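Engineer: Just need the structure, nothing else, for what follows:
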Amino acid sequence: MSQTTALAVLAGTALGVGLWLTFTGLPVMRRRSFADRIYPQLKTIELQSRVSGNFKLTAGGRLD
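Structural biologist: Just a heads-up that it's a prediction; the model follows:
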């Protein structure tokens, strides 16, 4: 194997690895995080706290 062929193989390998890393790093190819995937479902749920309901505390300490 000549020196020119060795340099060509090295350059081709470096170019291939660089293109592969660039392609897999694109936003289209990145997997969305778990928080990003469930955010739309969580923002549409409006849970009312059961603690903040319309309860009245009487003098005897009972809830009416």
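Engineer: Please count neighbours and contacts with C-alpha atoms only from this point.
Structural biologist: Will do.
Engineer: any idea how far Phe34 is from Thr13?
Structural biologist: Separation of Phe34 from Thr13 (C-alpha to C-alpha, to the nearest Å): 34 Å.
Engineer: typed the wrong thing, it's Arg30
Structural biologist: As judged by C-alpha to C-alpha, Arg30 and Thr13 stand 23 Å apart.
Engineer: Against which helices or strands is the helix ranked longest in the chain packed?
Structural biologist: Across the chain, the longest stretch assigned as helix under DSSP state H is helix 3-24. With contacts defined as 3 or more C-alpha pairs under 8 Å, 6 or more residues apart in numbering; DSSP states H and E, helix 3-24 has no helix or strand neighbours.
Engineer: Using PDB, write down the CA coordinates of that helix.
Structural biologist: C-alpha atoms of helix 3-24 as PDB (Å, rounded to 0.1, in the frame of the first residue of the first chain):
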ATOM      1  CA  GLN A   3       1.600   6.400   1.100                       C
ATOM      2  CA  THR A   4      -1.000   8.100  -1.200                       C
ATOM      3  CA  THR A   5      -3.500   5.200  -0.800                       C
ATOM      4  CA  ALA A   6      -3.000   5.300   3.000                       C
ATOM      5  CA  LEU A   7      -3.700   9.000   3.200                       C
ATOM      6  CA  ALA A   8      -6.800   8.600   1.000                       C
ATOM      7  CA  VAL A   9      -8.100   5.800   3.200                       C
ATOM      8  CA  LEU A  10      -7.500   7.900   6.300                       C
ATOM      9  CA  ALA A  11      -9.100  11.000   4.800                       C
ATOM     10  CA  GLY A  12     -12.100   9.000   3.600                       C
ATOM     11  CA  THR A  13     -12.600   7.500   7.000                       C
ATOM     12  CA  ALA A  14     -12.300  10.900   8.700                       C
ATOM     13  CA  LEU A  15     -14.800  12.300   6.200                       C
ATOM     14  CA  GLY A  16     -17.200   9.400   6.700                       C
ATOM     15  CA  VAL A  17     -17.100   9.700  10.500                       C
ATOM     16  CA  GLY A  18     -17.500  13.400  10.400                       C
ATOM     17  CA  LEU A  19     -20.500  13.200   8.100                       C
ATOM     18  CA  TRP A  20     -22.100  10.500  10.200                       C
ATOM     19  CA  LEU A  21     -21.600  12.500  13.400                       C
ATOM     20  CA  THR A  22     -23.100  15.600  11.700                       C
ATOM     21  CA  PHE A  23     -26.100  13.700  10.400                       C
ATOM     22  CA  THR A  24     -26.900  12.000  13.600                       C
END
